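> What shape does this take:
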Amino acid sequence: MRCSAVGIATAIVSSVAASLCPLPASAERADQDKPIQIEANRMSADEGRRLTVFEGNVVLGKGTLSVQADRVVVRQDADGFQHATATGGPARFRQKTDPRNGEPGVWVEAEAERIVLDDRNEKIELFSKARVVRDKDEMRGDYIVLDQRSESFTVSGGKEGQQGRVQVIIQPKTQPSTPASPESSPPPAAPSGTGAAR
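Residues are numbered from 1 along each chain as shown. Below you'll find the model as predicted:
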């Protein structure tokens, strides 16, 4: 089947746009209004199967979101939900979260040999050599799932049926220092040369 240029452009925009928006939980909302930029060595689209494939040093960008992979396959189901699979050695994504509870947004970075973005279920799954870093905290395992609806995650150490360990590093969270109140500060020193007794 031969795709027209307009059909390819439509497939790219419709397939990729929705798959990029739902990345990490609380992702920066301003990203939704940003244009999508895609670079790859090759791209093919099959309108009948609602499938778009990008291959060769794929770089997707939308606002603060960045996805890098060797190959990205995006498909759309009958209800219009997107499902994207990024593969590489490793595939990576990075996105800034919205500010929350008076705290500024933080960067979420992830990598794995395969990353699956599921728009319908609002989940991101990382398979094989998975790693997620959020605000300097880090988790590693063979499988990590980020659930955007519940803002939760699960890490498994081994492949199905195998033993394995997870690694989690949680950095200490320091409270911002507050300036001392005037009544708790020591009195100012007398300026020199003001006639103080010698």
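> Going by C-alpha atoms from here, please, whenever you check contacts or count neighbours.
Fine.
> Could you list the buried residues of the biggest strand by length in the chain?
When the chain is parsed with DSSP state E, its longest strand is strand 82-96. When burial is assessed from 16 or more other CA atoms under 10 Å, strand 82-96 yields the following buried residues: 82-88, 90-96.
> Ala40 and Gly61 touch, don't they?
No: shown here, Ala40 and Gly61 do not form a contact pair, counting by CA atoms under 8 Å, at 11.8 Å.
> now stretch 75-92: how far from the chain's centre is it?
Stretch 75-92 sits 14 Å away from the centroid of its parent chain (CA atoms, centre = their mean, to the nearest Å).
> ditto for stretch 95-113
7 Å.
> Helices along the chain, start to end?
5-20 (DSSP state H).
> Low-confidence stretches in it?
With pLDDT under 70 as the threshold, the chain has low-confidence stretches at 1-32, 160-161, 175-198.
> Show me the strands in it, by range?
36-39, 42-46, 51-62, 65-76, 82-96, 107-118, 123-134, 137-147, 152-156, 167-169.
> circling back to that earlier point, as JSON lines, the buried residues of strand 82-96 with distance to Thr174 would be great.
Shown next, in JSON lines, are the buried residues of strand 82-96 (distance: CA to CA, whole Å):
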{"residue": "Gln82", "distance to Thr174": "39"}
{"residue": "His83", "distance to Thr174": "38"}
{"residue": "Ala84", "distance to Thr174": "37"}
{"residue": "Thr85", "distance to Thr174": "37"}
{"residue": "Ala86", "distance to Thr174": "36"}
{"residue": "Thr87", "distance to Thr174": "37"}
{"residue": "Gly88", "distance to Thr174": "36"}
{"residue": "Pro90", "distance to Thr174": "32"}
{"residue": "Ala91", "distance to Thr174": "32"}
{"residue": "Arg92", "distance to Thr174": "29"}
{"residue": "Phe93", "distance to Thr174": "27"}
{"residue": "Arg94", "distance to Thr174": "24"}
{"residue": "Gln95", "distance to Thr174": "23"}
{"residue": "Lys96", "distance to Thr174": "21"}
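> Pull the contacting residues for Lys34.
Lys62, Gly63 (CA atoms under 8 Å, 6 or more residues apart in numbering).
> where's it relative to Ala110, distance?
Applying CA to CA, to the nearest Å, the value for Lys34 to Ala110 is 21 Å.
> go on, Asp70?
Computed as CA to CA, the Asp70 to Ala110 distance reads 15 Å.
> out of the two, which sits in the busier spot?
Legend: neighbour count by other CA atoms under 10 Å for Asp70 and Ala110, higher for Ala110 (23 against 20).
> Could you give the bridge partners of the more buried one?
Counting by DSSP bridges, Ala110 is bridged to Phe93, Val132.
> Settle this for me: it is touching Val132, isn't it.
Yes: counting by CA under 8 Å, Ala110 touches Val132, with 4.3 Å between them.
> Run through the residues that contact the closest residue in space to Ala40 that isn't next to it in sequence.
Nearest non-adjacent residue to Ala40, counting by CA to CA, 6 or more residues apart in numbering: Val58, 4.4 Å away. Val58 is in contact with Ile38, Glu39, Ala40, Asn41, Val67, Gln68, Ala69, Asp70, Arg71, Val72, counting by CA under 8 Å, 6+ apart.
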